[in-house]
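Q: No sequence on hand, only this structure:
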């Protein structure tokens, strides 16, 4: 995809990372290895909420990692599509953390996570309707303003669709990114999982993505349930069809910083690094 | 600030939330989604897909909610979960989560109220086993509290503090807890933490005498330090009373045959507790 000089410059400044950067989602089992070996990783991503708490050890470890690597923040609790307004205390905590690690950018998901005061600790879909495009876009814009740094919105993996939706998932997602003035975190595994579960064409999804707004791409593994449903568990290597889709996305809109997530049944870091090497191969 | 969300979204999310939190059915011997109990209105809204019906698609979220929270509680209370067995542990965890659904941003916070709930929920018909589970959950909770505690430097008293030591009150380091065991639970917990296997483990044999431990977090990690039973009593009393009062309580509770050695031992224990950094300050009450 040919970007105008203005688009390229805007994208470069927003990413704050090399266009081909390869990173890993940093998880507890890997801290010691990372700090002892300083492996060749361009950047790390951490789950924002894991560092909001009062436990000092996680924060101290993060600071040690940050001394050697750029760190971007990825949230799972913003509740962008919740009925309740955005939580000011949450945004303050997020802004403080982003400032502390000088995160090039911050991201979270296009979803809701809690209602009526209960947090479900899951990334939940809504019906895809224009009314919610406006709501999510306005809120995302506000988040980016409050943080004072680029905010990227991640597309969801989903297991159910709703009768009242009037937009496709990719129309909904693209519209929110566009109208918010924010950025896109495109999760290729999520595109594949949703396309499989709902029976749509993943290429149609990719075709709707404005790659001039893509700050980062995520990769992860998934699990197949007995009835064939794919669940975004992040507990396996990236599947072959997802690598194929990643290569296609790279041809359509690369280069873009890429990140590998592995959140359960986490193997030793050298194994995760080997998986990351496959991203280099897929780009050829 | 942003416009208010549409009213229908509140209703939709309340219905979806209720589906997600629907307890899993244990009747079959495995945890299964009770899809018949789902809100019919939400089920009507959920489209059938190429792989499953609408209700089954909602069940993915229902199962994820419970298994994710069970996993967090099992990780926070590994000794309790592994000794009790995940099936029984999850049964208590499910009742706890129904009574106290998660409300914070940090999923780890769901463990905050689990220890007292667990202790109250235990079956009283088997008192010995009940006491073992209580010891387990207290040991797990101690490790968790120590990990999450604020970092403060340990007290290093000066000579000029000597007089205040008797009238003042020693304040325990936030990252310090005392636990007691009647079987080798603390060592077992360390072994379990180093072992990723998830099978249930057997209860270790009962000790001839109970063993007390100090659990304390330092820069390099969390340590467990064995204590004499009377030494643990002293540390407990020092955490509750001014030093002089604590010593008086200890002496009055001490059997006559141990009293002759007690002053010497107390001096040694007190010095050791300071040397090992169990206190963060000396509060001068008066």
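A: Now that the structure is in, tell me what you want to look at. If you're wondering where the values come from, they're calculated on a predicted model, not measured in any experiment. Residues are numbered from 1 along each chain as shown, chains lettered A, B, ... in the order given.
Q: So the residue lying closest to residue A:229 once chain neighbours are set aside, which state does it fall into?
A: Nearest non-adjacent residue to residue A:229, counting by Cβ to Cβ, 6 or more residues apart in numbering or on different chains: residue B:51, 5.2 Å away. Any C-beta I mention is one placed from the backbone N, CA and C, and that applies to glycine too. Here residue B:51 is coil, with the state taken from DSSP: H, G, I helix; E, B strand; the rest coil.
Q: quick one: what helix or strand has residue B:190 in it?
A: helix B:185-193 (DSSP states H and E).
Q: and that helix, anywhere near chain A?
A: No - Helix B:185-193 lies out of reach of chain A by Cβ under 8 Å from any Cβ of the partner chain, never closer than 12.0 Å.
Q: Report the separation between the two terminal residues of stretch A:223-233.
A: Using Cα to Cα, to the nearest Å, one end of stretch A:223-233 lies 6 Å from the other.
Q: and it, average pLDDT?
A: Predicted confidence along stretch A:223-233 averages 96 (mean pLDDT).
Q: contacting residues for the residue nearest to residue A:229?
A: A:197, A:227-229 (Cβ atoms under 8 Å, 6 or more residues apart in numbering or on different chains).
Q: Mark which of these are part of helices, please.
A: Using DSSP state H, residue A:197 are the members of the contacts of residue B:51 that sit in helices.
Q: Tell me how many other residues surround the spatially closest residue to residue A:53 that is not a sequence neighbour.
A: Leaving aside its sequence neighbours, residue A:53 sits nearest to residue B:106 (Cβ to Cβ, 6+ apart; 4.9 Å). Residue B:106: 21 surrounding residues under other Cβ atoms under 10 Å in any protein chain shown.
Q: residues contacting residue B:106?
A: With contact set as Cβ under 8 Å, 6+ apart, residue B:106 has these partners: A:49-50, A:52-53.
Q: repeat for residue B:166
A: Counting by Cβ under 8 Å, 6+ apart, residue B:166 has contacts B:243-244.
Q: Mind listing what's buried along the strand or helix carrying it?
A: Element membership of residue B:166, judged by DSSP H and E, is helix B:162-167. Within helix B:162-167, the residues that count as buried by 16 or more other Cβ atoms under 10 Å in any protein chain shown are B:164-165.
Q: Would you pull up how far it lies from the middle of the chain?
A: For helix B:162-167, the gap between its own C-alpha mean and the chain's C-alpha mean amounts to 34 Å (Cα atoms, centre = their mean, to the nearest Å).
Q: With stretch A:55-64 instead?
A: Taking mean C-alpha positions (Cα atoms, centre = their mean), stretch A:55-64 and its chain are 22 Å apart.
Q: can you tell me if it touches chain B.
A: Yes - residues of stretch A:55-64 contacting chain B under Cβ under 8 Å from any Cβ: A:55-57, A:60.
Q: Identify all contacting residues around the helix holding residue B:190.
A: B:78-79, B:82-83, B:132, B:135-136, B:139-140, B:143, B:179, B:201, B:204, B:211, B:213, B:215, B:224.
Q: I'd like the list of those residues that fall within helices, please.
A: Within the contacts of helix B:185-193, residues falling in helices by DSSP H are B:78-79, B:82-83, B:132, B:135-136, B:139-140, B:143.
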